[in-house]
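# how does the following fold in three dimensions:
(2 chains)
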There are 2 protein chains.
Amino acid sequence: MSYQIAIIGAGLIGRAWAISFARAGNIVKIFDPNKDAISSSLKVIKNALKDLEKNDFLYSQTIDDVLNRITIEDTLENALKGTEYVQESSPEDLKIKKSVFKQLDEIAESKTILASSSSAFVPSTFSKDLTGRNRCLVAHPINPPYLIPAVELCPAPWTDQNVMNKTHKIMKEAGHTPILMTKELDGFIMNRLQGALLQEAFRLVDNGYASVEDIDRGISEGLSLRWSFMGPFETIDLNAPNGVRDYIEKYGDIYARMGPDFAKPINMAGPVIDDVEDQRRKIINKQQLKERQAWRDRRLMALAVHKKQSDKQFGK
Amino acid sequence: MSYQIAIIGAGLIGRAWAISFARAGNIVKIFDPNKDAISSSLKVIKNALKDLEKNDFLYSQTIDDVLNRITIEDTLENALKGTEYVQESSPEDLKIKKSVFKQLDEIAESKTILASSSSAFVPSTFSKDLTGRNRCLVAHPINPPYLIPAVELCPAPWTDQNVMNKTHKIMKEAGHTPILMTKELDGFIMNRLQGALLQEAFRLVDNGYASVEDIDRGISEGLSLRWSFMGPFETIDLNAPNGVRDYIEKYGDIYARMGPDFAKPINMAGPVIDDVEDQRRKIINKQQLKERQAWRDRRLMALAVHKKQSDKQFGK
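Numbering: from 1, shown residues only, chains lettered A, B, ... in the order given. Here you go, the predicted structure:
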């Protein structure tokens, strides 16, 4: 099915959403109060589409097929007219979020779903005083959403179940993998898991057990190989002859012993960040960061191609 | 360079090490006091080699090239004669480890390095009373080591630096990615990172925020895509325009707010395991686990092929 979707905010995340939704056949209208941001956004989108086409990520469509579904709108009113779903991607500032959602709620037709890309704010914080608060949620992607399928859907206590269901449907139809939360939680799911892992990684560096580079290798050449197609629960479910209960009976003690250490506070912005920054800058200096980001995106694309092939060949 | 290596213990891990070392050109001698285990091991190794050959993971060698470097020895004495490096992979039982290491230390020539595959015991626990305790360490792999490069090298307080260096060299030359620890720590590096992530994942299920399947998808279709070729530090280093310090300045607060929650104890063997087991068994029943493990190994192999190609094409 095809939906009419409004992208509010034409920054990095907003543009990436526009690509993802338009590629899936949706009609996409972009609005940003910042005229500079919006004037360059179509060019940036076109460049990204070229890369996607090369790797067969436009699914046999041409660049123009996708571009023709995207329009830039001059006013918020025009962007919202007839829209079924809004993906808001304005700056991560609660005041801005509140003000944008107030406008969205006032202008958008009552059937329109209002979703925020926020990674920092749970939906209750910016929707609680709105008349239409039951149509608000967070749909938080990992950047860039046109290459990374996961998007977490987080409801406020008052979000309508139909709103969650329809958002789930729109995301699935756009090729995303929705992670459905039952209630809101600071950090949602993915940043909580990342936070738990990062805090332990910083702790290991802080206590001098291994280098930043070696810890990265322990993940990139170790744990994450299995996680990248199964996730952590299936990994341990398959790591003992009789499944996950068997695994926890066998190895739960090892992890239980770590609990008290995980409870020790670690300030990632404290002295350890000097050490981490130092070690990273010896591997890649500041001038090389941009080039390395381009490398990351090429590798992400190649990995996405591989996963698509492997899903087909071996099953998901 | 080629080394003479003894594999003590012909179980799942020992056999996998034999493949990895022999494939790299080393002479491998296997010993296991259990005659049944040892009689079947060559057949199992041969089957694994067939799979590896199909995927060009024997690096232009034939199955026989590799097999010819592996011999089964009748006695521990014969296995250890002339050996430069021992990879011990006996059952995870401290009494057994202690007794095996006592024998190894008594019989092996003084130049021989004694490494354990243990995931449960730091090296001081089984080496402290040995004359040759300065040549003992843990070299802990992720299974199977012939597909997953990472292996963590953990010294006891008395382990000789030359022993660590030479083990590092032997591992690198065998195609492994050694993770060098500076001092021992329960859980080493990888299981600590896995433990931190798993405890939060179990906590999220226990508190009903999302399903086991959706949490897995948040990793396999989200976070782990980047981790699988960069690791967590490089991921955040590239996720802010000015690198990791910039990232922590921007997003550190989000993670800092989670600290008190990560400190809450979670018993993974408590009521939550019933829920996790239930959810997993609805996705895959017990009878299907073995078939799914074979699927995992095929996907791991395909991923390893992809990573090798991507390293070549885009750089590591």
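# A:T71 belongs to a strand?
Yes - counting by DSSP: H, G, I helix; E, B strand; the rest coil, A:T71 is part of a strand.
# give the rounded mean pLDDT of stretch A:240-253.
Average pLDDT, stretch A:240-253: 94.
# meant to ask about stretch A:36-43, not that
When pLDDT is averaged over stretch A:36-43, the result is 86.
# so what touches it?
For stretch A:36-43, contacts defined as Cβ atoms under 8 Å, 6 or more residues apart in numbering or on different chains pick out A:A10, A:G11, A:G14, A:R15, A:A18, A:I30, A:F31, A:D32, A:L67, A:I70, A:I72. C-beta here means a position set from N, CA and C on the backbone, and glycine is covered the same way.
# report the buried residues of that stretch.
A:A37, A:I38, A:S41, A:L42 (16 or more other Cβ atoms under 10 Å in any protein chain shown).
# where does the prediction get shaky in the stretch 1-150 of chain A?
Counting by pLDDT under 70, the stretch 1-150 of chain A shows no low-confidence range.
# skipping its backbone neighbours, what lies nearest the closest residue to chain B within it in space?
Per Cβ to the nearest Cβ, A:A150 is where the stretch 1-150 of chain A lies closest to chain B, at 3.1 Å. Closest residue to A:A150 apart from its sequence neighbours, by Cβ to Cβ, 6 or more residues apart in numbering or on different chains: B:G222 at 3.1 Å.
# what does stretch A:193-202 rub up against?
Contacts of stretch A:193-202 (Cβ under 8 Å, 6+ apart): A:187, A:215, A:232, A:262, A:266, A:268, A:272, A:276, B:192-193, B:195-197, B:199-201, B:204, B:215, B:218-219, B:223, B:232-233, B:236, B:254-255, B:258-259, B:262.
# which ones among those are found in helices?
Per DSSP state H, helices hold the following members of the contacts of stretch A:193-202: A:215, A:232, A:262, A:272, A:276, B:192-193, B:195-197, B:199-201, B:204, B:215, B:218, B:232-233, B:236, B:254-255, B:258-259, B:262.
# from the chain's centre, how far out does the longest helix along chain A sit?
Longest helix in chain A, counting residues (DSSP H): helix A:289-314. In terms of Cα atoms, centre = their mean, to the nearest Å, the centre of helix A:289-314 is found 16 Å from the chain centre.
# sorry, back to before: OK, contacts around the residue nearest to A:A150?
By Cβ under 8 Å, 6+ apart, the contact list for B:G222 reads A:I142, A:I148, A:P149, A:A150, A:T177, A:I179, A:M190.
# what's near enough to touch the third one?
Residues in contact with A:P149, defined by Cβ under 8 Å, 6+ apart, are A:G175, A:H176, A:T177, B:E221, B:G222.
# quick check, pLDDT for the third one.
Spelled out, it's A:T177. 97.
# secondary structure element for A:K172?
A:K172 is part of helix A:161-173, with elements assigned from DSSP states H and E.
# so what touches that helix?
With Cβ under 8 Å, 6+ apart as the criterion, helix A:161-173 contacts A:1, A:3, A:5, A:24, A:26, A:84-85, A:113, A:115, A:134-137, A:139, A:151, A:153, A:155, A:177-178, A:180.
# now list the buried members of the residues you listed.
Judged by 16+ other Cβ under 10 Å, buried ones among the contacts of helix A:161-173: A:3, A:5, A:24, A:26, A:84-85, A:113, A:115, A:134-137, A:139, A:151, A:153, A:155, A:177-178, A:180.
# my read is A:T182 is in a strand, agree?
No - per three-state DSSP, A:T182 lies outside any strand segment and is coil.
# could I get the contacting residues of the nearest residue to A:P157 once chain neighbours are set aside?
What sits nearest to A:P157 in space, not counting adjacent residues and going by Cβ to Cβ, 6+ apart, is A:S124, at 6.3 Å. By Cβ under 8 Å, 6+ apart, A:S124 lies in contact with A:A156, A:P157, A:W158, A:E184.
# swap the cut-off to 7 Å and go again
By Cβ atoms under 7 Å, 6 or more residues apart in numbering or on different chains, A:S124 lies in contact with A:A156, A:P157, A:E184.
# and for A:P178?
Shown in contact with A:P178 (Cβ under 7 Å, 6+ apart): A:V151, A:L153, A:H168, A:M171, A:K172.
# my guess is the first one contacts A:P141. True?
Which is A:V151. Yes - using Cβ atoms under 7 Å, A:V151 is in contact with A:P141, at 4.7 Å.
# A strand includes A:K50, no?
No - going by three-state DSSP, the assignment for A:K50 is helix, not a strand.
# distance check, it against A:L67.
A:K50 is 11 Å from A:L67, where distance means Cβ to Cβ, to the nearest Å.
# neighbour-wise, which of those two wins?
For A:K50 versus A:L67, neighbours defined as other Cβ atoms under 10 Å in any protein chain shown are more numerous around A:L67 (15 against 11).
# what is the mean pLDDT for stretch A:297-308?
Taken as a whole, stretch A:297-308 carries a mean pLDDT of 94.
# show me what that stretch is in contact with.
A:D51, A:N55, A:L147, A:F229, B:L225, B:R226, B:S228, B:F229, B:H306, B:S310, B:F314.
# one more time with 8 Å, if that's ok
A:51-52, A:55-57, A:144, A:147-148, A:228-229, B:225-226, B:228-230, B:302-303, B:306, B:309-310, B:313-314.
# from the contacts of stretch A:36-43, which land in helices?
Counting by DSSP H, those place A:G14, A:R15, A:A18, A:L67 in helices.
# most surrounded residue in these?
Most neighbours among the ones in helices among the contacts of stretch A:36-43, by other Cβ under 10 Å: A:A18, with 31 neighbours.
# spit out the contact partners of it.
Counting by Cβ under 8 Å, 6+ apart, A:A18 touches A:I7, A:A10, A:V28, A:I30, A:S41, A:I45, A:I70.
# what is the nearest of those to A:S119?
A:I7 (16.9 Å; Cβ to Cβ).
# returning to what we had before: tilt between the longest helix of chain A and helix B:289-314?
Counting by axes from the mean of the first three to the mean of the last three Cα atoms, to 10 degrees, helix A:289-314 lies at 140 degrees to helix B:289-314.
# give me the buried positions along helix A:289-314.
For helix A:289-314, the neighbour count (16+ other Cβ under 10 Å) marks A:289, A:292, A:295-304, A:306-307, A:310 as buried.
# and which of those is nearest to B:A210?
A:K307 (21.7 Å).
# for A:N239, see how far away the closest one is.
21 Å.
# try A:V44
Applying Cβ to Cβ to A:V44 and A:N239 gives a distance of 43 Å.
# the more surrounded of those two?
Applying other Cβ under 10 Å to A:V44 and A:N239 shows that A:N239 carries more neighbours, namely 18 against 15.
# so the more buried one: helix, strand or coil?
coil.
# wait, isn't it in contact with A:I248?
No - shown here, A:N239 and A:I248 do not form a contact pair, counting by Cβ atoms under 8 Å, at 10.6 Å.
# give me the common contacts of those two.
Joint contacts of A:N239 and A:I248 (Cβ under 8 Å, 6+ apart) do not exist.
# now intersect the contacts of B:G222 with the helices, please.
Mapping the contacts of B:G222 onto helices (DSSP H) picks out A:M190.
# appreciated, that's everything.
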